[in-house]
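Asker: Give me a model of this one.
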Amino acid sequence: MVPEHLKELALGVPDLLQSCKADSTVRKYCYGFLRWRKWANQNHFEEENIFPIKPFHMCIYLSFLVKNNANIGSLSDAMYGVKWAHDIVGKISPTMSLLVRNVFEGAKRLLAKPVKKKQAVTISILQNVYDKVFDKNNLYNQRTITMCLLSYAGFMRSAEVLALRRSDIQIRASHMEIFVEHSKTDVYRDGSWIIVSRICGSRLCPVGNFELYLKLASIVDDSEGFVFRNLTRLNTDTYVLRKLNKPMTYSRFREIFMETFSSVVPDIKKFGLHSLRAGGASAAANAGIPDRLFKRHGRWKSETAKDGYIEDNFRERLNVSRHLNL
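Answerer: Next up is the predicted model:
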């Protein structure tokens, strides 16, 4: 029993347990476990076998997922969801069993498919997009250009771009400083600064295009509002930023990207929002940017994660065999 004066503290323990992972991760793990519970109930498992789960029952569930053509992501959700549910209450997880682990590895091999990464956006593609849509008085098109250039130049994920507020950005004579408060790799939410250079004389200058966007959107310097919000169309070529301080959704950003880039790339299915981040990273890597600065700019936690974004230049790849003294 907990003493009466400590009950309020005890009630706070579940919140602390839930906070050990990001909210999105907790939702994903919870869903993975609830799918197991639903399946077990449908198949008349006794309650004592539903939780904690016995290793062999977990193997049967994994076999069911494979038979029903689940993807590897669903298998991983099941494993990590079950592990999370047991760990959070101090129970021994069936995922620790070598039997379950081997079945899981076998299931992954059966369901494995080649990874099809999106192609990186190149500078020539960005130039073609700019030529296609730029209009110094069109807020809709300028928003698209600005979001794409920030994603490319800042190696920014779509979620980071969409979460930007005007107060997160400081514009200087030579550059702009972008504070990313929440990042996928920023576990303890310390935040990080991205430095983007002003490129004088370039039509693709991220800073110059951002300044034009602010002007067209009538966003004042001391605003706390989200920078990239939905627009209201007044007539054929006139748009205004909506007053509701709510960021654009990922799905809308993706729709705009597909709509804009579909006519300037051979196959739009090979490109996505991550192509912008990958494009900037590839250009920097092939330009010989020091690895330490490169990794910091992209906010990568590991070398493996960083290298996964880089699309090596064909000439650089040829240099490998050219320098073997054959």
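Asker: switch to C-alpha atoms for all contacts and neighbour counts from now on
Answerer: Fine.
Asker: Report the central residue of this protein.
Answerer: residue 157 (5.3 Å; CA atoms, centre = their mean).
Asker: Ranking helices and strands of the protein by mean pLDDT, which lands last?
Answerer: The helix or strand of the chain with the poorest confidence is helix 303-307; it has a mean of 57 (mean pLDDT, DSSP states H and E).
Asker: okay, the residue nearest to the centre of the chain: pLDDT?
Answerer: At residue 157, the predicted lDDT confidence score is 92.
Asker: how about the host helix or strand of residue 141: buried residues?
Answerer: Using DSSP states H and E, residue 141 maps to helix 139-153. If you call a residue buried by 16 or more other CA atoms under 10 Å, then helix 139-153 has these buried ones: 139-153.
Asker: Now the element after that helix, going C-ward?
Answerer: helix 158-162.
Asker: Let me know how buried residue 75 is, in neighbour terms.
Answerer: Residue 75: 22 surrounding residues under other CA atoms under 10 Å.
Asker: I'd assumed it was in a strand, is it?
Answerer: No: applying DSSP: H, G, I helix; E, B strand; the rest coil, one finds residue 75 to be helix, outside a strand.
Asker: Please work out which residues outside the helix holding residue 141 touch it.
Answerer: Helix 139-153 is contacted from outside by 129-130, 133-136, 156-158, 161, 196, 204-206, 209-210, 212-213, 216-217, 228, 231, 238-240, 256-257, 276-281, using CA atoms under 8 Å, 6 or more residues apart in numbering.
Asker: Which among the residues you listed count as buried?
Answerer: With burial judged by 16+ other CA under 10 Å, the buried subset of the contacts of helix 139-153 is 129-130, 134, 156-158, 161, 196, 204-206, 209-210, 212-213, 216-217, 228, 231, 239-240, 256-257, 276-281.
Asker: if I look at residue 48, how far off is residue 40?
Answerer: 11 Å (CA to CA, to the nearest Å).
Asker: So which of the two has more stuff around it?
Answerer: Counted by other CA under 10 Å, residue 48 and residue 40 do not tie: residue 40 has more neighbours, with 18 against 9.
Asker: related to what we said a few turns ago, okay, and the common contacts of residue 48 and residue 40?
Answerer: Here residue 48 and residue 40 share no contacting residue, scored by CA under 8 Å, 6+ apart.
Asker: mind listing what's buried in stretch 54-62?
Answerer: By 16+ other CA under 10 Å, the buried positions in stretch 54-62 come out as 54, 55, 57, 58, 59, 61, 62.
Asker: cool, and stretch 172-179?
Answerer: Neighbour counts over stretch 172-179 (16+ other CA under 10 Å) mark 175, 176, 177, 178, 179 as buried.
Asker: All the helices of the stretch 201-326 of the chain, in order from the start?
Answerer: 206-217, 250-261, 274-286, 291-298, 303-307, 314-322 (DSSP state H, counting those that start in this stretch).
Asker: Can you name the residues in contact with the second one?
Answerer: Contacts with helix 250-261, where a contact means CA under 8 Å, 6+ apart, come from 129, 144, 158, 159, 162, 268, 272, 273.
Asker: Leaving out chain neighbours, which residue sits closest to residue 108?
Answerer: residue 72 (6.0 Å; CA to CA, 6 or more residues apart in numbering).
Asker: do the same with residue 297
Answerer: In space, residue 297 is closest to residue 194, 6.3 Å off (CA to CA, 6+ apart).
Asker: can I assume that neighbour sits in a strand?
Answerer: Yes: the assignment for residue 194 (three-state DSSP) places it in a strand.
Asker: For it, the count of nearby residues, please.
Answerer: Neighbours of residue 194 (other CA under 10 Å): 19.
Asker: try residue 192
Answerer: Around residue 192 there are 16 other residues, counting by other CA under 10 Å.
Asker: Next one: the nearest residue to it once chain neighbours are set aside from residue 291, what distance?
Answerer: Nearest residue to residue 192, sequence neighbours excluded (CA to CA, 6+ apart): residue 180, at 5.3 Å. To residue 291, residue 180 is 21 Å away according to CA to CA.
Asker: Can you pick out the residue with more neighbours from the two?
Answerer: residue 180 (21 against 13).
Asker: just checking, the more buried one touches residue 167?
Answerer: No: counting by CA atoms under 8 Å, residue 180 does not reach residue 167; the two are 11.0 Å apart.
Asker: picking that back up, model confidence for the residue nearest to residue 192, exactly?
Answerer: 88.
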